[in-house]
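K.L.:
Got a predicted model here, sequence first, then my questions.
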Amino acid sequence: MSTSHDAPRRIAVLDVDGTLVDTNYQHALAWYRAFRSLGETFPIWRIHRLIGMGGDQLVAALGGDEVEARIGDEARDQWVAEFDPLMPETALLPGARELIVALKERGHRVVLASSGKPHHVERALDLLDARDLADAWTTSEDVEETKPAPDLLQVALKKLGEPVDAPSVVIGDSVFDVEAAKNAGMPAIVVRSGGFGDDELRNAGAIGIYDTPADLMAALDETDLS
């Protein structure tokens with residue numbers, strides 16, 4: 001493995017929700033409440049298993065095409081209404097900002113790749129104090145199809161004026177992040193805060209698994225982001 005002095009400079013494409021900011025359970029609860037308000041009750045553990053997938057795909061993945069056709073747009077609108085009051089309860093995961101700082105110190109560029117609503121991303125940027133730290137970031141307004149489609153990751157590179165095959169590493173927390181990375185031709189490192197098993201993450205293609213952003217930061221010299 002190259003040292004930090006001669007390692008090639010890469011683009012670190014960081015997922016935000018669940019990877020840097022501890023939001024996954026709030027999102028699951030918001031979706032549960034949104035569906036229930038529209039007459040559909042799904043076990044919350046099934047919803048949690050889909051967190052990390054974009055809202056444009058989650059409704060059909062959970063309830064099928066009929067539910068998507070009948071209440072998909074309403075469910076997405078209601079999810080925002082349910083999640084917004086929970087936003088003050090969310091907090092950074094250990095080492096989230098420090099990981100970004102460490103990546104920048106190694107000469108890598110950093111893009112925060114989120115498909116979250118713009119005001120949700122603004123909240124994350126505030127928590128991370130990252131507006132002058134990250135090189136770019138994305139929101140739901142930047143893509144039509146979210147993870148596991150590769151669009152969001154490709155848009156993240158375009159935000160830097162880079163081609164979609166520029167040397168990059170994705171950092172996420174779910175199998176959907178890993179699948180999106182694979183679909184974009186990028187390697188993926190994950191943290192365990194998504195709640196997925198190590199075997200699931202490895203089978204999806206993750207090349208490294210760490211407990212928290214802090215643990216990944218401490219091990220950067222073992223990765224392609226040394």
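P.N.:
Yep, it's here. Numbering: from 1, shown residues only.

K.L.:
what's the distance between the closest residue to residue 174 other than its chain neighbours and residue 99?
P.N.:
Nearest residue to residue 174, sequence neighbours excluded (Cβ to Cβ, 6 or more residues apart in numbering): residue 52, at 3.0 Å. (Glycine included, C-beta is placed from N, CA and C.) Counting by Cβ to Cβ, to the nearest Å, the gap from residue 52 to residue 99 is 18 Å.

K.L.:
Residue 12 now?
P.N.:
In terms of Cβ to Cβ, residue 12 sits 9 Å off from residue 99.

K.L.:
residues shared between the contacts of these two?
P.N.:
residue 171 (Cβ atoms under 8 Å, 6 or more residues apart in numbering).

K.L.:
Packing partners of the helix or strand containing residue 110?
P.N.:
Residue 110 belongs to strand 109-112 when assigned by DSSP states H and E. With contacts defined as 3 or more Cβ pairs under 8 Å, 6 or more residues apart in numbering; DSSP states H and E, the packing partners of strand 109-112 are strand 11-14, helix 96-105, helix 118-128, strand 136-137, helix 151-159.

K.L.:
Can you list the strands that the fourth one pairs with?
P.N.:
Here strand 136-137 has these sheet partners by DSSP bridges: strand 109-112 (parallel).

K.L.:
Can you pull out the residues in contact with the strand it pairs with?
P.N.:
9-14, 16, 20, 100, 103-104, 121, 124-125, 128, 130, 133-138, 156-157, 159-160.

K.L.:
From the chain's centroid, how far away is it?
P.N.:
In terms of Cα atoms, centre = their mean, to the nearest Å, the centre of strand 109-112 is set 12 Å apart from its chain centre.

K.L.:
In CSV, could you pull the C-alpha coordinates for the strand holding residue 110?
P.N.:
The C-alpha coordinates for strand 109-112 follow below in CSV (Å, rounded to 0.1, in the frame of the first residue of the first chain):
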residue,chain,number,x,y,z
ARG,A,109,-11.2,16.0,-3.0
VAL,A,110,-14.4,15.3,-1.1
VAL,A,111,-18.0,15.3,-2.4
LEU,A,112,-20.9,14.8,-0.1
